[in-house]
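Trainee: Just the structure for this:
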Amino acid sequence: MTPFAQAFPITDICFLVEDAERSVAFYTEKMGFKLRRRAEGFADFTGAGVTLALWEIGHISQYTGVSGLRAPPHVHKACGAFELPSPAAVDAAYAELAGRGVVFHAPPSDFVWNARCCYFADPDDNLWELYAWLDGGPVGDVEPEKAELTA
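Mentor: As a prediction, the model looks like this:
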């Protein structure tokens, strides 16, 4: 039997947000996502990859019973990432987004995991990374076991 995560791809990333309107503005105006669906307390967007969705914390809590507790400011619980084709593309994206008012933690830097990266947060402190592998590519790849490939 194929393990669950190998049979079903991740199709959506959903961030829980305080204010959907504020977050929709950030993701459309600053990041360039295209709004695909909009409903009370919810929005999702098309981009170049996985669907990004936003769901107001109070709305999901009211209808599903999921906790409505909020993390204090500047506490990150997840990190979304954009893999760019080159370190130069990271620098260019940083300049473009900073020019649109996206506030980064620091300019792009080369890190010990052999990638050029920079980080910013959306209005609800959801953390984002822009990265590209440096020469030599990623470090720490693990070869899949042959038995898993044939299962």
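
Trainee: what sits against the residue lying closest to Glu40 once chain neighbours are set aside?
Mentor: Beyond its immediate neighbours in the sequence, the residue positioned closest to Glu40 (Cβ to Cβ, 6 or more residues apart in numbering) is His59, lying 6.7 Å away. C-beta here means a position set from N, CA and C on the backbone, and glycine is covered the same way. Contacts for His59 were tallied using Cβ atoms under 8 Å, 6 or more residues apart in numbering; they are Glu40, Gly41, Phe42.

Trainee: just the buried members of these?
Mentor: Gly41, Phe42 (16 or more other Cβ atoms under 10 Å).

Trainee: Can you tell me which of the contacts of His59 is nearest Trp128?
Mentor: Phe42 (20.0 Å; Cβ to Cβ).

Trainee: Give the bridge partners for the residue nearest the centre of the chain, please.
Mentor: A centroid search over the chain (Cα atoms, centre = their mean) returns Gly80, at 2.2 Å, as the residue closest to the centre. Note on Gly80: beta-bridge partners Trp128, judged by DSSP bridges.

Trainee: Could you report the neighbour count for the closest residue to Gly101 other than its chain neighbours?
Mentor: Spatial nearest neighbour of Gly101, excluding adjacent residues (Cβ to Cβ, 6+ apart): Lys30 at 5.9 Å. When neighbours are defined as other Cβ atoms under 10 Å, Lys30 has 19 of them.

Trainee: so what's Lys30 up against?
Mentor: Leu97, Arg100, Gly101, Val102.

Trainee: What subset of these is buried?
Mentor: In these, the ones that pass as buried (16+ other Cβ under 10 Å) are Leu97, Val102.

Trainee: Let's see which of the contacts of Lys30 end up in helices.
Mentor: When helices are assigned by DSSP state H, the members of these inside them are Leu97.

Trainee: which pair in the contacts of Lys30 spans the largest distance?
Mentor: With distances taken as Cβ to Cβ, the most widely separated pair in the contacts of Lys30 is Leu97 and Gly101, at 8.3 Å.
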